[in-house]
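[1] Structure for this input, please:
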Amino acid sequence: SYVMKWKEKQKFLEKLTELMSFMLPSYKREGKSQLVIAIGCTGGQHRSVTLAEYLADYFKKDYYTHVTHRDIEKKSRK
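    The predicted structure follows:
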């Protein structure tokens, strides 16, 4: 995708998935039933959507994931 062609975004996702992979088992062991992760960007249309979808897809094999894109409809309402 357009967003993922940038090396900075790829590196960010690599580091974020590494951090989450480290943290999620601890949350689960502690009995936590929810973890909310918010990803934002200037417009909420491209970067944050791509990153949130990537994370959900990456972790869905081991955890229930749900993605809500708060700002995705704003552009079409203007």
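[2] List the buried residues of the host helix or strand of residue 24.
    Here residue 24 sits within helix 7-29, counting by DSSP states H and E. Buried residues in helix 7-29, counted by 16 or more other Cβ atoms under 10 Å: 9, 13, 16, 20. C-beta: built from backbone N, CA, C; applies to glycine.
[3] Could you export the residues you listed as JSON lines, including distance to residue 39 and pLDDT?
    Listed next are the buried residues of helix 7-29 as JSON lines, based on distance: Cβ to Cβ, whole Å; pLDDT from 0 to 100:
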{"residue": "9", "distance to residue 39": "11", "pLDDT": "78"}
{"residue": "13", "distance to residue 39": "10", "pLDDT": "88"}
{"residue": "16", "distance to residue 39": "9", "pLDDT": "92"}
{"residue": "20", "distance to residue 39": "12", "pLDDT": "94"}
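[4] how much distance is there from the helix holding residue 24 to the middle of the chain?
    With Cα atoms, centre = their mean, to the nearest Å as the basis, helix 7-29 stands 10 Å off its chain's centre.
[5] which helices and strands sit right next to it?
    Judged by 3 or more Cβ pairs under 8 Å, 6 or more residues apart in numbering; DSSP states H and E, helix 7-29 is in contact with helix 47-59.
[6] Give me the pLDDT for residue 66.
    Looking at residue 66, its pLDDT stands at 93.
[7] between the helix holding residue 24 and helix 47-59, how many degrees?
    Counting by axes from the mean of the first three to the mean of the last three Cα atoms, to 10 degrees, helix 7-29 points 50 degrees away from the direction of helix 47-59.
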